[in-house]
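K.L.:
Below are the sequence and a predicted model for it; my questions follow.
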Amino acid sequence: MQLQTTGMMQQEANKEENESSKRILFTYPMIKQTDMSEDMRAEVLEMCVNACEKHTSNNESAAKMIKEQLDKKFGASWHVVVGEGFGFEVSYELKNLMYMFFAGNLAVCAWKCS
């Protein structure tokens, strides 16, 4: 009886170890950093999601689409980066920055700097 219990405990420990080492993928948009108002945040989030879904295989086209929409809606001088595994440091106008993740490890950073 003790051998069975020990074996079950070992299997359970291995299962927990495997689950903790798995990578967590988020399929919904997750805002990492922003200082936008609630209304603006919702609009920009929707623009980013739509562009990334439309241009799944071309990050440059997604970034261009987001930038053009932001320029039209909120005035000129928006900058957008869409991609994986990038770092950044930017100067921006207050209340005009959003950094988010979408569909796992795809990141979108949008900011206004005139």
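P.N.:
Looks like it came in fine.

K.L.:
What's opposite the nearest residue to residue 33 once chain neighbours are set aside in the beta bridge?
P.N.:
Spatially, and ignoring its direct neighbours in sequence, residue 33 is nearest to residue 99 (4.3 Å; C-beta to C-beta, 6 or more residues apart in numbering). (C-beta placed from N, C-alpha, C; glycine too.) Beta bridges link residue 99 to residue 33, residue 109 when assigned by DSSP bridges.

K.L.:
Can you give me the distance of residue 99 to residue 34?
P.N.:
7 Å (C-beta to C-beta, to the nearest Å).

K.L.:
got it, and residue 42?
P.N.:
11 Å.

K.L.:
now swap in residue 88 and tell me
P.N.:
Using C-beta to C-beta, we find residue 88 at a distance of 14 Å from residue 34.

K.L.:
Those two - which one has more neighbours?
P.N.:
Just comparing residue 88 and residue 34: by other C-beta atoms under 10 Å the higher neighbour count belongs to residue 34, 18 against 10.

K.L.:
quick one, what contacts the residue sitting nearest the centre point of the chain?
P.N.:
The centre of the chain sits closest to residue 101, judged by C-alpha atoms, centre = their mean, with a distance of 0.4 Å. By C-beta atoms under 8 Å, 6 or more residues apart in numbering, the contact list for residue 101 reads 26, 29-30, 32, 107-108.
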